[in-house]
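Enquirer: A structural model of the following input is requested.
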Amino acid sequence: MLRSITAVLAGYVTFAISSSLLIAISGRDPYARLPADVLAILVLLGMFFAFGAGYIAARMARKKPTGHASAVAFLIALGGIVSLVLVRESPGWVQIAAVFLMAPAAVAGGYFRSRSPEAEE
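Expert: You can find the predicted model right below:
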C-alpha cells in the first residue's frame with residue numbers, strides 16, 4: 001500500500017514540477033490567452049511530462065502499472081478541473097488539455113510500462 005501511494009505521488013510530483021518549470025522557463029502565464037503555437041508547444045510538452053509521470057508511477061509500483069498511472073491521470077485531471085473552476089477569467093485551454101490530453105497521456109505511460117518485458121502485472 002505504501003509503495004502504491006509513493007508511486008502515485010512520485011508520478012504526480014514529477015508532472016507538477018516539470019510542468020511548473022516549463023511555465024517558468026517559457027515566461028508565459030498559463031491563465032492568459034496564448035498564441036496558438038505557444039499553446040500547442042505547452043500542451044505537447046505537458047503530454048510528454050504526463051506520459052513520463054505515468055511511466056514513473058507504473059515502474060515504481062511494480063504491480064498493476066496501468067492502475068497506478070490511472071491514479072496519476074486522475075490527479076492531473078482533477079488539478080485541471082479545479083483550476084478551470086477557480087480561475088474563471090482564464091480561457092482555460094491549458095486546463096482543458098490537462099483533462100482531455102495530458103491525463104490520457106499519463107495512462108498511456110503506464111500502459112507502455114506494462115508492455116515492457118520486465119513489467120509485472
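Enquirer: from here on, just use CA atoms for contacts and neighbour counts.
Expert: Noted.
Enquirer: let me see the ranges of the helices in this structure.
Expert: Secondary structure of the chain (DSSP state H): helices at 2-26, 36-61, 65-86, 93-97, 103-114.
Enquirer: which of those comes out lowest on mean pLDDT?
Expert: Mean pLDDT per stretch puts helix 93-97 lowest among the helices of the chain, at a mean of 91.
Enquirer: now that one - C-alpha only, CSV.
Expert: The C-alpha trace of helix 93-97 is given here as CSV (Å, rounded to 0.1, in the frame of the first residue of the first chain):
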residue,chain,number,x,y,z
TRP,A,93,-7.3,25.8,-22.9
VAL,A,94,-4.4,24.5,-20.8
GLN,A,95,-6.7,23.2,-18.2
ILE,A,96,-9.0,21.5,-20.7
ALA,A,97,-5.9,20.0,-22.3
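Enquirer: packing partners for that helix?
Expert: helix 36-61, helix 65-86 (3 or more CA pairs under 8 Å, 6 or more residues apart in numbering; DSSP states H and E).
Enquirer: could you dump these to CSV with mean neighbour count?
Expert: CSV is the format used below for the helices and strands packed on helix 93-97 (neighbours: other CA atoms under 10 Å):
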stretch, mean neighbour count
helix 36-61, 22
helix 65-86, 22
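Enquirer: wait, which of those helices is closest to G109?
Expert: Distance to G109, taken as CA to CA, is lowest for helix 36-61 among the helices and strands packed on helix 93-97, at 4.4 Å.
Enquirer: next, name the residue at the spatial heart of this structure.
Expert: A50 (3.1 Å; CA atoms, centre = their mean).
Enquirer: do you know how far the closest residue to that one other than its chain neighbours is from F51?
Expert: Closest residue to A50 apart from its sequence neighbours, by CA to CA, 6 or more residues apart in numbering: A106 at 4.7 Å. Counting by CA to CA, to the nearest Å, the separation of A106 from F51 is 4 Å.
Enquirer: just A24 next, same as before
Expert: From A24 over to F51 the distance is 20 Å, taken as CA to CA.
Enquirer: same deal with L21?
Expert: Applying CA to CA, the value for L21 to F51 is 16 Å.
Enquirer: just A32 next, same as before
Expert: 25 Å.
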